[in-house]
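*Asks:* Sequence first, then the predicted structure:
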Amino acid sequence: MSNQNPIFIPGPTNMPDRLRLAMHVQTQDHRAPDFVETFAPVLEDTKRVFGSTEGTIITFPASGTGGWEASVTNTLSPGDRVLVARYGMFSHRWIDLCQRHGLEVQVIDCDWGAGAPADAFEAALTADSAHKIKAVLVTHNETATGVVSDIAAVRRAMDAASHPAMLFVDCVSSLASMPFEFDAWGVDIAVSGSQKGFMLATGMAILCVSPKALAAMDTATLPRTFFDFRDMMKANASGGFPYTPPLQLIYGLRESLKMLFEEGLENVYARHHRLAEGVRRAVDAWGLKLVAQSPDLYSDTVSAIYVPDGFDSNALTDHAFNAYGVSFGIGLGQMNGKAFRIGHLGSLTDVMVLSGLATIEMAMADLDYPITLGSGVSAAQEYFRANRAGTLKSAA
């Protein structure tokens with residue numbers, strides 16, 4: 001029986017054999033003198049993926065949610081106000097996390113399918129003349145809706161309001177798949193994880209932290225122990241860890257960085273855009289609509305797709321799994337039952353994406369969707385043939 005590879009969920013993503021083998025290592029002493037030779041270069045090289053020379057890389061054995069908890073607890077105090085826009089399931093979860101930590105959360109509600117509202121952020125920050133807002137929290141790539149937000153525009157809005165708040169960005173499903181410019185965008189903390197663009201197993205939260213955010217630790221009073229930046233940074237300085245590290249994931253991240261740099265980050269981003277555009281051509285050929293409201297919001301790592309009225313998206317993803325052994329993303333939150341998601345990030349090629357499109361087409365045809373079998377695959381094929389990897393164009 002197939003072990004179901006590839007999968008088409010937006011994370012965890014397919015793991016290349018090269019990375020699985022890199023993580024297949026025997027237990028080693030993480031306090032031995034030679035561990036620094038492995039770990040220190042990983043931290044330094046990861047900066048390149050974040051687009052930073054000024055930031056400090058801090059990792060924790062956790063998922064992205066752990067990274068967000070670390071961001072909040074190391075820089076804020078009970079009662080501090082944060083500004084967040086809710087436009088999908090994951091931005092909603094960060095709101096919940098902050099509320100549970102006793103923060104005052106100022107929420108800007110947006111339509112699901114919209115992006116981060118830079119204008120609304122600017123208005124809220126301009127109105128905050130007392131500077132009670134300590135941080136603005138933004139989800140770069142909203143995985144539930146397939147929407148990518150303009151972080152540079154958010155930074156411009158903050159600067160236009162002359163507001164000193166920190167900027168925290170969730171880039172879990174965008175980093176190492178789409179361009180990210182930590183320094184240029186003026187980000188103070190960016191949170192990612194091992195299980196998406198880095199093509200590894202879940203289990204490592206990966207953060208880039210600015211000097212301004214590190215300085216905020218001096219006044220922050222939220223409790224933290226496991227997620228204490230200072231403890232981690234002190235141990236990392238000598239190549240160590242304050243507690244037992246996820247050794248296999250560290251070896252995996254070292255190899256993942258090698259793969260990304262061998263392909264070239266610009267080529268990685270171009271590949272993700274090409275794969276995403278092939279999926280979008282298929283969606284258009286099916287006569288279906290993306291949840292993202294406009295092309296400038298289209299994500300290059302995940303497409304959320306509305307099913308026609310009268311159909312249940314959960315029934316579709318269940319049938320694709322039960323009949324064909326392939327996973328697609330379910331609709332989350334407000335999208336539950338209304339939309340399914342195709343993840344097209346990480347270790348994927350044109351041919352692998354075509355197999356996913358063919359599978360979901362068969363599942364839709366089985367459930368009597370108003371589509372023409374083969375239409376989406378054909379549209380994607382035409383696009384891929386005309387936009388092959390590298391410099392090749394159509395042979396015609």
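*Replies:* Cool, got the structure.
*Asks:* Could you tell me which ranges of the stretch 251-396 of the chain sit under the pLDDT cut-off?
*Replies:* 390-396 (pLDDT under 70).
*Asks:* Walking through it, point out its strands one by one.
*Replies:* 289-290, 302-306, 339-343 (DSSP state E, counting those that start in this stretch).
*Asks:* Please name whichever of these is nearest to residue 260.
*Replies:* strand 339-343 (18.0 Å; C-beta to C-beta). No exception for glycine: its C-beta is placed from N, CA and C like everyone else's.
*Asks:* Using PDB, write out every CA atom in the closest one.
*Replies:* The C-alpha trace of strand 339-343 is given here as PDB (Å, rounded to 0.1, in the frame of the first residue of the first chain):
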ATOM      1  CA  ALA A 339     -13.400  25.400   0.800                       C
ATOM      2  CA  PHE A 340     -10.600  23.000   0.400                       C
ATOM      3  CA  ARG A 341      -6.900  23.800   0.200                       C
ATOM      4  CA  ILE A 342      -4.100  22.600  -2.100                       C
ATOM      5  CA  GLY A 343      -0.700  23.000  -0.500                       C
END
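*Asks:* between it and strand 302-306, how many degrees?
*Replies:* Computed by axes from the mean of the first three to the mean of the last three C-alpha atoms, to 10 degrees, the angle separating strand 339-343 from strand 302-306 equals 160 degrees.
*Asks:* At the geometric centre of this structure, which residue sits there?
*Replies:* Among the residues of the chain, residue 173 comes closest to the average C-alpha position under C-alpha atoms, centre = their mean, at 1.3 Å.
*Asks:* can you pull the contacts of that one?
*Replies:* The contact partners of residue 173, by C-beta atoms under 8 Å, 6 or more residues apart in numbering, come to 10-11, 141, 143, 196-197, 299, 301-302, 345.
*Asks:* Mind doing that once more with 7 Å?
*Replies:* Residues in contact with residue 173 (C-beta atoms under 7 Å, 6 or more residues apart in numbering) are 10-11, 141, 143, 196, 301-302.
*Asks:* Quick one: buried ones out of those residues?
*Replies:* In terms of neighbour count (16 or more other C-beta atoms under 10 Å), the buried residues within the contacts of residue 173 are 10-11, 141, 143, 196, 301-302.
*Asks:* I'd assumed the residue nearest to the centre of the chain was in a strand, is it?
*Replies:* No: applying DSSP: H, G, I helix; E, B strand; the rest coil, one finds residue 173 to be coil, outside a strand.
*Asks:* Give me the number of neighbouring residues for residue 345.
*Replies:* 30 (other C-beta atoms under 10 Å).
*Asks:* Go ahead and confirm it touches residue 301.
*Replies:* Yes: counting by C-beta atoms under 7 Å, residue 345 does reach residue 301; the two are 3.8 Å apart.
*Asks:* Identify the contacts common to the two.
*Replies:* In contact with both residue 345 and residue 301: 10, 177, 272, using C-beta under 7 Å, 6+ apart.
*Asks:* got CSV for the residues you listed, with distance to residue 52 too?
*Replies:* As requested, these are exported to CSV (distance: C-beta to C-beta, whole Å):
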residue, distance to residue 52
10, 24
177, 17
272, 20
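*Asks:* Name the nearest of those residues relative to residue 95.
*Replies:* Of the shared contacts of residue 345 and residue 301, the one sitting nearest to residue 95 (C-beta to C-beta) turns out to be residue 10, at 20.5 Å.
*Asks:* still on that earlier bit, so which of the shared contacts of residue 345 and residue 301 comes closest to residue 29?
*Replies:* residue 177 (34.0 Å).
*Asks:* right, and that closest one touches residue 197 too?
*Replies:* Yes: here residue 177 lies in contact with residue 197, judged by C-beta under 7 Å, at a distance of 4.0 Å.
*Asks:* Comparing these two, which residue is more hemmed in?
*Replies:* residue 177 (33 against 29).
*Asks:* quick one, what contacts the more buried one?
*Replies:* So residue 177 contacts 197, 268, 272, 300-301, 345 (C-beta under 7 Å, 6+ apart).
*Asks:* one more time with 6 Å
*Replies:* Residue 177 makes contacts with 197, 272, 301, 345, as judged by C-beta atoms under 6 Å, 6 or more residues apart in numbering.
*Asks:* Any chance of TSV for those, columns distance to residue 65?
*Replies:* TSV is the format used below for the contacts of residue 177 (distance: C-beta to C-beta, whole Å):
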residue	distance to residue 65
197	17
272	24
301	18
345	19
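*Asks:* In helices, which of the residues you listed fall?
*Replies:* In this view, these that belong to helices under DSSP state H are residue 272.
*Asks:* Quick one: residues contacting residue 108.
*Replies:* Neighbours of residue 108 in contact, by C-beta under 6 Å, 6+ apart: 85, 117, 120.
*Asks:* need the strands for the stretch 51-200 of the chain, in chain order.
*Replies:* So, for the stretch 51-200 of the chain - with DSSP E, counting those that start in this stretch - the strands run 56-60, 81-86, 104-109, 133-139, 141-142, 147-148, 166-170, 189-193.
*Asks:* And the ones you listed: which comes nearest residue 314?
*Replies:* Closest among the strands of the stretch 51-200 of the chain, using C-beta to C-beta: strand 141-142, at 19.8 Å.
*Asks:* Which strands border that closest one, and is each parallel or antiparallel?
*Replies:* Sheet pairing for strand 141-142, assigned by DSSP bridges, gives strand 147-148 (antiparallel).
*Asks:* So what touches the partner strand?
*Replies:* So strand 147-148 is contacted by 115, 141, 292, 297, 299 (C-beta under 6 Å, 6+ apart).
*Asks:* Since that was my last question, I'll sign off now.
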